[in-house]
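Visitor: I need the structure of the sequence given here:
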Amino acid sequence: MPNAPKTKHRSVRIEDDDWADLATRAPGGDRAAVIKELVRWYLRRPNAKLPDRPTSSEEKTA
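Guide: Sure, this is the predicted structure:
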């Protein structure tokens, strides 16, 4: 099968503005990677790290 992901598809509800901003700020636009890192960190999985946060627009101008 050509497109057989190893994980099941999951759905979450996220505000449109937050979803768009996450795509802009996530490394390489990979929202899923950021979400998975946050879940692993939240669950205290071995070797899980809190992902780096992007610089905010306020911090850039300060």
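Visitor: torsion angles phi and psi at Thr7?
Guide: phi -120, psi 160 (degrees, to the nearest 10).
Visitor: list the contacts for it?
Guide: For Thr7, the contact set (CB atoms under 8 Å, 6 or more residues apart in numbering) is empty. Yep, even glycine has a C-beta here, placed from its N, CA and C like the rest.
Visitor: change it to 10 Å
Guide: 32, 36 (CB atoms under 10 Å, 6 or more residues apart in numbering).
Visitor: can you check Ala32 too?
Guide: By CB under 10 Å, 6+ apart, the neighbours of Ala32 are 7, 10, 22, 26.
Visitor: could you dump those to a markdown table with pLDDT, distance to Tyr42 and secondary structure?
Guide: As requested, the contacts of Ala32 are exported to a markdown table (pLDDT from 0 to 100; distance: CB to CB, whole Å; DSSP: H, G, I helix; E, B strand; the rest coil):
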| residue | pLDDT | distance to Tyr42 | secondary structure |
| --- | --- | --- | --- |
| Thr7 | 86 | 17 | coil |
| Arg10 | 88 | 15 | coil |
| Leu22 | 94 | 16 | helix |
| Ala26 | 92 | 17 | coil |
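Visitor: quickly find the element holding Asp21.
Guide: Take DSSP states H and E as the rule and Asp21 turns out to sit in helix 16-25.
Visitor: which residues of this structure fall in strands?
Guide: Here the chain has no strands by DSSP state E.
Visitor: give me the below-cutoff pLDDT ranges for it.
Guide: Counting by pLDDT under 70, the chain shows low-confidence ranges at 1-2, 57-62.
Visitor: show me the helices in this structure, by range?
Guide: Ranges of helices in the chain, per DSSP state H, are 16-25, 31-42, 57-61.
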